[in-house]
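# next come a sequence and a model predicted from it.
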There are 2 protein chains.
Amino acid sequence: MAPKRLAILGVGLLGGSLGLAAKQVVKGCTVIGYGHRRSTLDEALRMEAIDEAFEDPAEAVRHADLTVLCTPVGVFPQLMAAIGPALEPGSLVTDVGSTKRSIIAITERTIPTGVHFVGSHPMAGSEKRGVTYAQANLFDGAVCITTPTAKTNPTALAKIENFWDSVGMHVLRLSPEEHDRRLADVSHLPHALAAALVAMQDESSLPLAGKGFQDVTRIAGGDGALWRDILLDNADNLRDSALRFRKTLDLLIDRLERGDGEAVRAWLDAAASRRQSLGERRDSSSAKM
Amino acid sequence: MAPKRLAILGVGLLGGSLGLAAKQVVKGCTVIGYGHRRSTLDEALRMEAIDEAFEDPAEAVRHADLTVLCTPVGVFPQLMAAIGPALEPGSLVTDVGSTKRSIIAITERTIPTGVHFVGSHPMAGSEKRGVTYAQANLFDGAVCITTPTAKTNPTALAKIENFWDSVGMHVLRLSPEEHDRRLADVSHLPHALAAALVAMQDESSLPLAGKGFQDVTRIAGGDGALWRDILLDNADNLRDSALRFRKTLDLLIDRLERGDGEAVRAWLDAAASRRQSLGERRDSSSAKM
């Protein structure tokens, strides 16, 4: 789909980058930004990430054919309540939230009849915050997960997937439940581990932290409020992931304590070859650091 | 110190980079390489990381005023036995090993009278392996820990520290015991966590792994044999680190299960601000990836 009027609610790193990307790939698309801070909107206008700015979300979505929720997950309920009456019948709504079960439940309950919601999770971003770091190619080459349910309109789903595809993303479909379970493993647990690794350090050990430590802990520099919302929302899956992680780590510690060099080597080699097979995805945001 | 004849035993990423760096900063320095694979020595010669190559370590150290042990830690005992008789009286020996208690014990026991050993741990490198990835600026701006003991000759210590300084490193001194304890926290545990995080994943989740996952797990791609030696050698400290890590992670999981958003936020914010204060050290090896 090629939206004529794209409303982006929440003009941070992701929202701002989406505005830049949409204006680059969709000819004649007008991008509307909503934000609760005037300074952010002004910066987004200056960067030409958006064409028009509103401090009222209902104003922002009026006449939009596509609305994308880019605020923190925690404010979705009040945001949906605010925009509901202003959403154009036949228009589409999607989001960029990092958890999906609760978002789908809220939006499917609150979306007005005739407006179609499709859950999305474009897996792009960085530990950098704010529209200042927005860039048109943030989504290019990254994965976007759509999470349709029995209630999802198939045409709306196809249009939303086409939209993410048009900004360069590889689109995958998962149920909201499977999304949250798998994301706990590949995203939420890694964040928790990185933060715990930083938290456990003696202050006097930090000058010894080298490149490896910096890599492992980089995501722990991300926004606390954003991650609080994500981790709280997916706490049940995260607990299960943490338990499986602990069992896996215990296997290694056990082999080390038995002094079983062959088993330690086999365990490390398997992890190394698996990690190497992942390779390094091009990521524009990391190049800034 | 400005070595006239520098013997590098083990011409991999670190050894090769050291040869390149020494030839850049020490005028008239001849670099001798020892390796057990002829193809590696030939590649090091071709890259001009070394000037002369030997497949016999005793031949390599003959007439060297500085010998640097750059092989995996596991072969240090046999290496010290091989080179002992050939080491020049008055010459210096150091190493680049990632653990220090056992290395110091071996070398202090086997170093010939009149030859001075100083333990070193230049914290440079990457998950890349082999002389092919060697670069002259690998050490530039990174930390090097020296680990003197009561037996260490103060003049030899000063010379070794000056040598690391001359290739651009920030030199810190720790006892071998403190080195191993702190490195378990900032280096060995991070490796174990990264490897366990890779190991626990369902194969079908891997396509969902984004930049965050790639950062956290990057070091898990490192050489299995090398890390086996390091982790086995420091298993006691690693177990203690893993226990403290687990307690820290449990604090977060507990707060999440209680749904205590404020406490979760405070915990995440503290980790984020600490991680941000570390910044990003310039690292030439990461730029290659």
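That came through, no problem.
# so where's the stretch 51-200 of chain A uncertain?
Residue ranges of the stretch 51-200 of chain A with pLDDT under 70: A:127.
# which stretches in it count as helices?
Ranges of helices within the stretch 51-200 of chain A are A:57-61, A:76-83, A:101-110, A:154-166, A:176-183, A:189-199, based on DSSP state H, counting those that start in this stretch.
# show me what the fifth one is packed up against.
Contacts defined by 3 or more CB pairs under 8 Å, 6 or more residues apart in numbering or on different chains; DSSP states H and E place helix A:176-183 against helix A:101-110, helix A:235-257. For every residue, glycine as well, the C-beta is placed using N, CA and C.
# any idea which of the ones you listed gets closest to chain B?
Chain B lies closest to helix A:235-257 among the helices and strands packed on helix A:176-183, at 4.2 Å (CB to the nearest CB).
# check whether the closest one contacts chain B.
Yes: Helix A:235-257 reaches chain B (CB under 8 Å from any CB of the partner chain) through A:235, A:238-239, A:241-242, A:244-249, A:252-253, A:256-257.
# elements contacting that helix?
If you count contacts as 3+ CB pairs under 8 Å, 6+ apart, helix A:235-257 packs onto helix A:176-183, helix A:189-199, helix A:261-278, helix B:189-199, helix B:224-233, helix B:235-257.
# out of those helices, nearest to A:Lys23?
In terms of CB to CB, the element of the helices and strands packed on helix A:235-257 nearest to A:Lys23 is helix A:176-183, at 28.6 Å.
# picking up where we left off before, just name the most buried of the helices of the stretch 51-200 of chain A.
Highest mean neighbour count of those: helix A:189-199, a mean of 26 (counted as mean count of other CB atoms under 10 Å in any protein chain shown).
# buried ones among the residues of helix A:235-257 next to chain B?
Neighbour-count burial (16 or more other CB atoms under 10 Å in any protein chain shown) applied to the residues of helix A:235-257 next to chain B gives A:Ala235, A:Leu238, A:Ser241, A:Ala242, A:Arg244, A:Phe245, A:Arg246, A:Thr248, A:Leu249, A:Leu252, A:Ile253, A:Leu256.
# coming back round to it: redo the helices and strands packed on helix A:235-257 as CSV? Include distance to A:Asp56.
Formatted as CSV, the helices and strands packed on helix A:235-257 follow (distance: least, CB to CB, whole Å):
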stretch, distance to A:Asp56
helix A:176-183, 30
helix A:189-199, 33
helix A:261-278, 44
helix B:189-199, 43
helix B:224-233, 56
helix B:235-257, 34
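# closest one to B:Ala272 among those?
The nearest among those, by CB to CB, is helix A:189-199 at 7.5 Å.
# contacts for the closest one?
The contact list for helix A:189-199 (CB atoms under 8 Å, 6 or more residues apart in numbering or on different chains) reads A:213, A:216-220, A:222, A:227, A:230-231, A:238, A:241-242, A:245, B:189-190, B:193, B:197, B:212-213, B:216-217, B:245, B:248-249, B:252-253, B:267-268, B:270-272, B:274-275.
# with stretch A:19-37 instead?
Outside stretch A:19-37, the residues that reach it (CB under 8 Å, 6+ apart) are A:2-11, A:15, A:41, A:44-45, A:47-57, A:59-61, A:64, A:134-140, A:166-168.
# right, I'll leave it there.
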